[in-house]
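> just coords:
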């Protein structure tokens, strides 16, 4: 920009500012301003025409007065007149005044637009920049209509100067954010994308901000930017700090541009081109390597720039979730930051590791830092860091460490900040029920929770304890004994009294044989808390008392005396008075049989969606989606998941000890009818939602699945599977969770779990647009012979050899919203083809028809089998028939990293047998594929040759089709 000469100093303005500063009071300041306003108004209205310098000086004074907080209602026309000046300083002041004071609805906008058009067509770069800055600052719809077509032309013109290109890119970005419907790139798209190759780094930096915003709304139009962004990023990352001297910040080359490039790449899935993907992986590895290098400067600016690039790179690695080696390295790098002296770095590391914990590949690596995270929870000074530590513990929790994490979170609760206690309570309650291998531990944990943080225990949490105890015969006596002991504490929280009243009222008879907990002792203990409780709790205790009369007839006289007392019968609260009168009358006139019928034990509660999870999501807000997706595992993995085998659930017939063929995932549960007991295999169900425990509506079972429905008829035939369906399927052979499909409109996430021959799959359909999806419909079909082997959607039709249940989804998906669908799976015999998922919906009136292969492969039904070396090779020799073996020799398509290989073999579902093969470089695995028709034993041997970068994979099983299918699936993974 031109320098301002000394003659442009505007002495009158300096004197006025000095006078204002010297004012001793507010009144003096207002008096001086009014005097100046009168002077300026007289000058503007005078007969004598003002020169450019005077106009500029007076407009500046008006601008200063406005910035002091006073209203300005004149001078706008004079500012517009300054725009036609050929002097830079006068034009600059004119544009400044307009940017600050002119309203977008002003009548002067048309005049201003004409002046701007003149400056844009003047080809004077200084004037062009001033005009572009003004457009961006005002950003009105009128300006967007006037210039949205002109600015892209200026941006891509070959003769436009670099400084103007920068301003044009940022101006266009501002207009697009304000009026996206008016900024249509169309023919300019490819030329704007190619600005990423511009020689001037400033132009690239400005252009990438524009491209990132545009591609987030229209990814397909700008997908060519991926290869260019990778190429530019590669040049920056591999350059020395001296190569980009003008754009090197404390020895870090172009840090802002690097961050913007990495953020742009997060708008897209991993590149399909192998060369581009390889180059990008190299870049990410280089960034991770540079993070390990000693710092080139001790200045904080150096470390900030370096870490900014590192965290963006880690965000991209997490977004792709497809490179196990990079995910593990990212986790290890973040682990080093957990003990860094900078609080911000510790916070960011904990936040990023929360996301990493949900990845199949890095979950185990995250768990290695559990002690550091627990220490952070206990010792961090900053409450926000402690909250992130609690979030990470919640995210890394699984069956192996649940008891330790829950114990640590309970311990921390005693001293936790009040601001995070409620959220901590919800998380402890969710983890305790999700991984409760043993119900007595769950009961102890929740009662402990009530004791430590009773004020923060919501109704959903204590409802849950009631539901578990009622649905499990084997824990009822223990719960009654534990809650009886808890109530004996002198200071007892009201939530504990509620739990105690309910459980003792139902199951107090189970501990009544002990003189220390005789019926009268139980009643006196409960009644001693009565006067300290609120009205709802007193009402619950009165119900417990009438239950006592049914359980213990010997307490009848004592309880009737309490009910007959004036404090009950004449209670000021109508609810308590009515209960007391009705219960007293019932106990007096009803026969023993009638009383037993009316006051029989509560029936088990039907399953409902977890209300605790819903409460936590509501508290955390929309940003919690990625964390809460982890809870998709809730129903299948709770109670120890596969570790408990057949004992993990209760059969629908209410057998107290289920057989090995019990309905582990609740697939066969039916709607409870009067006199029968519903399935109670899951802890994660609502206890007292809007309606209490009641029989499910006809035609709907406990999971909310349709038990019978007319066939779903679509008006159009399902589309053929996408060309990339097989590739998407292969991504999920060794993992159960991730993004199955994504385009510019829709994202489909998947979480699944399998146990024996049963599986449950959660599909998450996310609307990435701001427009509703209407007529949203999904169907699952089984091609060809698969119909005889695996599942079918009951909503379409039922085959004699199939059993699939799908939960219907809402036909309307709001913009930015996500809906969930649950599919239950039963494997009847081995199979090859995967089921097909067809999604149809209308977007903006156009029908979208997408078909994908569901990632249900035969290996999902593996049960890992541990074997000694002698047993393994004995069985290996027994499976020596040619048709029982399948073998492949193939070249490695990924790095031969030991940890990644192990993770994939474990992800396959088999047990990885250590110290079995004579060659320590080889891997051997064993497992049994569980189908309803038969069990198929399977042995695996993988022999890597690091020098030749080759593998030999051998599968032997008791069924030839299984050997070949598993061999084909696994070969694609290496």
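Perfect, thanks for sending it. Everything numeric in this text was worked out from a predicted model, so none of it was measured. Numbering: from 1, shown residues only.

> going forward, measure contacts and count neighbours with C-alpha atoms only.
Noted.

> Ends of stretch 743-760, what's the gap?
25 Å (C-alpha to C-alpha, to the nearest Å).

> Buried residues, it. List them.
Neighbour-count burial for stretch 743-760, counted by 16 or more other C-alpha atoms under 10 Å, picks out 744-760.

> Low-confidence bits of this protein, can you list those?
1-9, 104-105, 241-243, 607-717, 783-804 (pLDDT under 70).

> Tell me the buried residues in stretch 155-172?
Buried residues in stretch 155-172, counting neighbours by 16+ other C-alpha under 10 Å, are found at 155-156, 162, 164-172.

> quick one: contacts of it?
By C-alpha atoms under 8 Å, 6 or more residues apart in numbering, the list of residues contacting stretch 155-172 from outside reads 125, 128-129, 132-133, 135-136, 148, 151-152, 154, 183, 188, 191-192, 195, 200, 202-203, 206-207, 209-210.

> What's the PyMOL syntax to select whichever of these are buried?
Only the buried members of the contacts of stretch 155-172 end up in this PyMOL selection, burial being decided by 16+ other C-alpha under 10 Å:
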select buried, resi 125+128+129+132+133+135+136+148+151+152+154+183+192+195+202+203+206+207+209+210
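
> now, which of the contacts of stretch 155-172 lie within helices?
Counting by DSSP state H, the members of these that fall within helices are 125, 128-129, 132-133, 135-136, 151-152, 154, 191-192, 202-203, 206-207, 209-210.

> still on that earlier bit, what would the buried residues of stretch 155-172 look like in TSV with distance to residue 883?
As requested, these are exported to TSV (distance: C-alpha to C-alpha, whole Å):
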residue	distance to residue 883
155	67
156	65
162	70
164	72
165	68
166	68
167	70
168	69
169	65
170	66
171	69
172	66
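
> Mind putting these into a markdown table with distance to residue 348 and secondary structure?
Conversion of the buried residues of stretch 155-172 to a markdown table gives the following (distance: C-alpha to C-alpha, whole Å; DSSP: H, G, I helix; E, B strand; the rest coil):
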| residue | distance to residue 348 | secondary structure |
| --- | --- | --- |
| 155 | 37 | helix |
| 156 | 38 | helix |
| 162 | 36 | helix |
| 164 | 37 | helix |
| 165 | 35 | helix |
| 166 | 32 | helix |
| 167 | 33 | helix |
| 168 | 34 | helix |
| 169 | 31 | helix |
| 170 | 29 | helix |
| 171 | 32 | helix |
| 172 | 32 | helix |
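
> Let me know the closest of those to residue 88.
In terms of C-alpha to C-alpha, no member of these lies closer to residue 88 than residue 164, at 15.8 Å.

> neighbours of residue 112, just the number please.
25 (other C-alpha atoms under 10 Å).

> again with residue 944
Residue 944: 21 surrounding residues under other C-alpha under 10 Å.

> Can you tell me what sits against stretch 320-338?
Everything outside stretch 320-338 that qualifies as a contact, by C-alpha under 8 Å, 6+ apart, is 269-270, 284-285, 288, 314, 317-318, 345-346, 349-350, 352-353, 356, 359, 361-362, 365-366, 369, 372-373, 738, 897, 900.

> Take those residues and keep only those in strands.
The strands, defined by DSSP state E, take in residue 738 from these.

> Spell out for me the ChimeraX command that would select the buried members of the contacts of stretch 320-338.
Buried members of the contacts of stretch 320-338, defined by 16+ other C-alpha under 10 Å, are picked up in ChimeraX with:
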select :269,270,284,285,288,314,317,318,345,346,349,350,352,353,356,359,361,362,365,366,369,373,738,900
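
> just the strands in the stretch 151-300 of the chain please.
For the stretch 151-300 of the chain, the strands defined by DSSP state E, counting those that start in this stretch cover 248-249, 252-253.

> Residues contacting the last one, please?
What that stands for is strand 252-253. Strand 252-253 is contacted by residues 236-237, 239-241, 244-245, 247, 302, 305-306 when judged by C-alpha under 8 Å, 6+ apart.

> Now which of these would you call buried?
Under a neighbour-count criterion of 16+ other C-alpha under 10 Å, the subset of the contacts of strand 252-253 counted as buried comprises 236-237, 241, 244, 247, 302, 305-306.

> can you redo those residues as TSV with distance to residue 447?
What follows is those, written out as TSV (distance: C-alpha to C-alpha, whole Å):
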residue	distance to residue 447
236	57
237	55
241	60
244	62
247	60
302	51
305	48
306	48
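
> hey, what's residue 754 bridged with?
Each beta-bridge partner of residue 754 is listed here: residue 759, as defined by DSSP bridges.

> May I see the buried residues of stretch 25-44?
29, 33, 36-37, 40, 43-44.

> pretty sure residue 319 is touching residue 265, no?
No. Under the criterion of C-alpha atoms under 8 Å, residue 319 makes no contact with residue 265, lying 9.4 Å away.

> Show me which of those two is the more surrounded one.
Counted by other C-alpha under 10 Å, residue 319 and residue 265 do not tie: residue 265 has more neighbours, with 24 against 18.

> my guess is the more buried one contacts residue 226, does it?
Yes. Using C-alpha under 8 Å, residue 265 is in contact with residue 226, at 6.4 Å.

> Quick check: residue 309 touching residue 260?
No. Between residue 309 and residue 260 no contact is recorded; they are 9.2 Å apart, counting by C-alpha under 8 Å.

> Would you map the helices across the stretch 801-950 of the chain?
Ranges of helices within the stretch 801-950 of the chain are 869-878, 898-908, based on DSSP state H, counting those that start in this stretch.

> okay, those, which one's buried deepest?
helix 898-908 (a mean of 17; mean count of other C-alpha atoms under 10 Å).

> Tell me the helices and strands packed up against that one.
Taking 3 or more C-alpha pairs under 8 Å, 6 or more residues apart in numbering; DSSP states H and E as the contact definition, the neighbouring helices and strands of helix 898-908 are strand 911-913.

> Show me what the strand it packs on is packed against.
In terms of contacts (3+ C-alpha pairs under 8 Å, 6+ apart), strand 911-913 is packed against helix 898-908, strand 923-930.

> Dump these to TSV, plus distance to residue 482.
Formatted as TSV, these follow (distance: least, C-alpha to C-alpha, whole Å):
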stretch	distance to residue 482
helix 898-908	40
strand 923-930	40
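
> Looking at the ones you listed, spot the one closest to residue 120.
Minimum separation from residue 120 across those (C-alpha to C-alpha) falls at helix 898-908, 57.4 Å.

> tilt between the closest one and strand 923-930?
Orientation check (axes from the mean of the first three to the mean of the last three C-alpha atoms, to 10 degrees): helix 898-908 against strand 923-930 gives 10 degrees.

> who's in contact with helix 898-908?
Counting by C-alpha under 8 Å, 6+ apart, helix 898-908 makes contact with 324-325, 361, 733-735, 859-860, 862, 912, 925, 970, 973-974, all of which sit outside it.

> change it to 6 Å
Where contact means C-alpha atoms under 6 Å, 6 or more residues apart in numbering, the residues beyond helix 898-908 that reach it are 734-735.

> Centre of the chain to it, how far?
Between the mean C-alpha point of helix 898-908 and the mean C-alpha point of its chain there is a distance of 25 Å (C-alpha atoms, centre = their mean, to the nearest Å).

> next one: stretch 299-308
Using C-alpha atoms, centre = their mean, the offset of stretch 299-308 from its chain centre is 29 Å.
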